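J.: what follows is a predicted structure for the sequence shown.
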Amino acid sequence: MSAVTVWYDSRCPLCRREIALIKRLDSRGRITFVDLETTTSCPVDRGAMLARLHATEEGRLLTGAAAFAAMWRQIPLLRPLGLAARNARFLSLLEWIYVGFLRLRPRLQSLARRVEETRR
């Protein structure tokens, strides 16, 4: 039984790469991944789910840095970082970084798509 469920955007090249890495690291199979492109079941508005990472842990819906931290807690290598994110100050710092990333995300997605196209 998975401990965490993560919804992700398989159309996003950055998301695909990140989820592929997390799947490789999740040797215990504790994370269930739900592709927003193929599911009809979203706990909140689909647009909101596409805008930010969402996860459930222990029945709670998490978003942004908290969702990443929930994933990290399931992976032995990343567990210390996930546990550290239970500290409100550290989680706030991670969220600040995540929001900054979201501002850059469209440009990074475009760059990643171009790189993928040149590799084909």
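T.: Received, thanks. Numbers count the residues shown, from 1 in each chain.
J.: residue boundaries of the helices in the protein?
T.: With DSSP state H as the criterion, the chain has helices at 13-25, 46-51, 65-73, 79-84, 88-119.
J.: list the contacts of the third one.
T.: It refers to helix 65-73. With C-beta atoms under 8 Å, 6 or more residues apart in numbering as the test, helix 65-73 has contacts from 4, 6, 22, 31, 52-57, 62, 78-79, 81-83, 85-86, 91, 94-95, 97-98. In short, each C-beta sits where N, CA and C put it, glycine included.
J.: just the second one next, same as before
T.: Taking contacts as C-beta under 8 Å, 6+ apart, the residues outside helix 46-51 that touch it are 7, 9, 36, 42, 43, 54, 102.
J.: could you rerun that using 10 Å?
T.: The contact list for helix 46-51, computed with C-beta atoms under 10 Å, 6 or more residues apart in numbering, reads 7-9, 11-12, 15, 34, 36-37, 39-40, 42-43, 45, 54, 63-64, 102, 105.
J.: need the contact list for residue 80.
T.: Taking C-beta under 10 Å, 6+ apart, we find residue 80 in contact with 72, 73.
J.: look up how far residue 43 lies from it.
T.: 28 Å (C-beta to C-beta, to the nearest Å).
J.: which of the helices of the chain is buried the deepest?
T.: helix 65-73 (a mean of 23; mean count of other C-beta atoms under 10 Å).
J.: and that one with helix 88-119, angle?
T.: 80 degrees (axes from the mean of the first three to the mean of the last three C-alpha atoms, to 10 degrees).
J.: keeping just the C-alphas, turn helix 65-73 into CSV.
T.: C-alpha atoms of helix 65-73 as CSV (Å, rounded to 0.1, in the frame of the first residue of the first chain):
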residue,chain,number,x,y,z
ALA,A,65,7.0,22.2,-1.2
ALA,A,66,4.9,20.3,1.3
ALA,A,67,4.0,17.8,-1.4
PHE,A,68,7.6,17.4,-2.4
ALA,A,69,8.5,16.8,1.3
ALA,A,70,5.9,14.1,1.5
MET,A,71,7.5,12.3,-1.4
TRP,A,72,10.9,12.7,0.0
ARG,A,73,9.9,11.2,3.3
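J.: what angle do it and helix 13-25 make?
T.: Per the same axes, to 10 degrees, the angle that helix 65-73 makes with helix 13-25 is 30 degrees.
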